[in-house]
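*Asks:* sequence plus predicted model, see below.
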Amino acid sequence: VFPGNCWAFKGHQGQVVIRLPARVQLTAITVQHITKDVSPSGTIISAPKEIAVFLLSLCFAPEGVDADRDEETLLGTFTYSVSKEPMQTFPLKNTLLPRAFSHVKLLVKSNWGNPWYTCIYRVQVHGRMENRKASTEGQD
């Protein structure tokens, strides 16, 4: 994690959809930003502040139907604190979801005061991978 080596987006709001390498039952998410000590400006006002995490079910419309639609399930909202450690893990509410998903959406609602851009240095998704053996039994 080096200053400037981040995913930056214009303004104080943005979102990203992350395709996971397998279907996962999510349990937590970790977000990381740099510290004030390594910031060239001595501030970290470009860090995300209010964040929401969603499971995303991608539903593609059949031929002849107007639009695809995505179904979102909110797993939690949290505040990334610039006064805590740069790597912060937040538990997600997934106890009501019995199945695994392959897409997660991270929605940044605000940052710590930078009007021009927001930076995220690292996002880690934690959970349990779907049992592949059970899903492929009976197949050759």
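*Replies:* Alright, I've got the coordinates.
*Asks:* what's the following helix or strand after the longest strand along the chain?
*Replies:* Taking DSSP state E as the assignment, the strand of the chain that covers the most residues is strand 14-32. Following strand 14-32 in sequence order, the next helix or strand is strand 50-59 (DSSP states H and E).
*Asks:* so which residues make contact with that next one?
*Replies:* Residues outside strand 50-59 that contact it (CB atoms under 8 Å, 6 or more residues apart in numbering) are 17, 26, 29, 31, 68-80, 90, 92, 94, 97, 101, 103-110. (C-beta placed from N, C-alpha, C; glycine too.)
*Asks:* for whatever helix or strand comes next after that strand, name the packing helices and strands.
*Replies:* Downstream of strand 50-59, the first helix or strand assigned by DSSP H and E is strand 69-79. Contacts defined by 3 or more CB pairs under 8 Å, 6 or more residues apart in numbering; DSSP states H and E place strand 69-79 against strand 50-59, strand 87-91.
*Asks:* most centrally placed residue in the protein?
*Replies:* Taking CA atoms, centre = their mean, the centroid of the chain lies closest to L106, which sits 3.3 Å from it.
*Asks:* mind checking which helix or strand that one is in?
*Replies:* strand 101-108.
*Asks:* tell me what that strand is packed against?
*Replies:* Packed next to strand 101-108, using 3+ CB pairs under 8 Å, 6+ apart, are strand 14-32, strand 50-59, strand 117-120.
*Asks:* what's the closest of those strands to C6?
*Replies:* strand 117-120 (4.0 Å; CB to CB).
*Asks:* partner strands of the helix or strand following the closest one, with direction?
*Replies:* Next along the chain after strand 117-120, taking DSSP H and E as the criterion, comes strand 122-129. Sheet pairing of strand 122-129 (DSSP bridges) gives strand 14-32 (antiparallel).
*Asks:* buried residues, the partner strand. List them.
*Replies:* Across strand 14-32, burial judged by 16 or more other CB atoms under 10 Å covers G14, R23, V24, Q25, L26, T27, A28, I29, V31, Q32.
*Asks:* got the angle for the strand holding L106 vs strand 122-129?
*Replies:* 150 degrees (axes from the mean of the first three to the mean of the last three CA atoms, to 10 degrees).
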